[in-house]
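Participant: Quick one, fold the following:
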Amino acid sequence: MKFAELKHRLDLYEKLMRLDKPIGTLLLLWPTLWALWLATRGQPHWMLVWIFALGTLLMRSAGCVINDYADRDFDPHVERTRERPLAARAVSVREALVLAGILIFCAFLLILPIFREVWWLALIAVFLAASYPFTKRFFALPQAYLGIAFGFGIPMAFAAATGEVGALGWTLLVANIFWALAYDTEYAMVDREDDLKIGIHTAAITFGRFDVAAVMLCYAATLSILAVVGWDLGYGAGYFGGLALAAALAGYHYTLIRERRREGCFAAFRHNNWFGAAIFAGIVAELNLLPWLAR
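Facilitator: Next up is the predicted model:
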């Protein structure tokens, strides 16, 4: 294979894994970091942080490949996705499945040094990632299922850091489900007309004219659950300052989606990176920065 041809194949694989669009990886990474910091009271082992950061990238990439495999006959009919490598038939089904298998295998190798409890959770995570794309065929709110899949790094992080998940880990997962419902409904609002034509289910279609209200209620549920968590743990200004900033960002998202324009909805979806980062910043401020300043 000539160098130019090899480079072209690698470019196609990069697009298939969405390495050129890191927003999905970040939306998985932030809740995983929340979990690592809360589980260890702000003192996660550096090796765990690297394992989960790289594992998040690998599993998100594998999930994108599986998603495009499942939607390869739908994507050509959607304006935003018709140029994806599988939709454009630039990459074969066999290539995609082999690539997904390699990514999942590499992710599994990462967790071998961790508690065995994480191994079982990792198998569930793989099942969730592989099955999510097919829920759009029969489930009215596939974004809720995505929230479980995207948030499963939370129980894995707790199990890796403490040997168990506990009530806090599962509570954070519920908060993440509501957050995913919010941002992925914004994402689905971009493709609503195309999705109606091809007959798949999304939260944007299910919520109908109440889609904007549903998004804002999901943001409110996320922040309310996290506020209860912070109150129960006795956290103060740093933590709740992060939640306040995230609430302000959610308010900004409302201004982007209220007219349901594609550009605004997509911008709101992408901006959720800062929502997750604000919450993480609040956790770090509470557990690391404020105690350091008080010394």
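Participant: tell me which residues in the strand or helix carrying residue 264 are buried?
Facilitator: Secondary structure assignment for residue 264, by DSSP states H and E: helix 262-284. Within helix 262-284, the residues scored as buried using 16 or more other C-beta atoms under 10 Å are 264-284. To be clear about C-beta, it is placed using only N, CA and C from the backbone, and glycine gets the same treatment.
Participant: dump the residue contacts of the closest residue to residue 229 other than its chain neighbours.
Facilitator: Among residues not flanking residue 229 along the chain, residue 171 sits closest, at 6.0 Å (C-beta to C-beta, 6 or more residues apart in numbering). By C-beta atoms under 8 Å, 6 or more residues apart in numbering, the contact set of residue 171 is 225, 228-229.
Participant: Kindly list the main-chain dihedrals of residue 171?
Facilitator: Backbone torsions for residue 171, taken as degrees, to the nearest 10, come to phi -60, psi -40.
Participant: now do residue 44
Facilitator: According to degrees, to the nearest 10, residue 44 has phi -70, psi 150.
Participant: quick one: contacts for it?
Facilitator: 36-37, 161.
Participant: just for the stretch 51-200 of the chain, where's the confidence low?
Facilitator: Within the stretch 51-200 of the chain, the set of residues satisfying pLDDT under 70 is empty.
Participant: re earlier: of the contacts of residue 44, which is the nearest to residue 67?
Facilitator: residue 36 (25.9 Å; C-beta to C-beta).
Participant: hang on, the closest one packs against residue 51?
Facilitator: No - counting by C-beta atoms under 8 Å, residue 51 is not a contact partner of residue 36; they are 10.0 Å apart.
Participant: between the two, which one's more packed in?
Facilitator: Neighbours per residue, other C-beta atoms under 10 Å: of residue 36 and residue 51, the larger number sits with residue 36, 27 against 22.
Participant: list the contacts for that one?
Facilitator: 44, 48-49, 52, 157, 161 are the contacts of residue 36 under C-beta under 8 Å, 6+ apart.
Participant: Just the strands from this structure, written as ranges.
Facilitator: Applying DSSP state E to the chain gives no strands.
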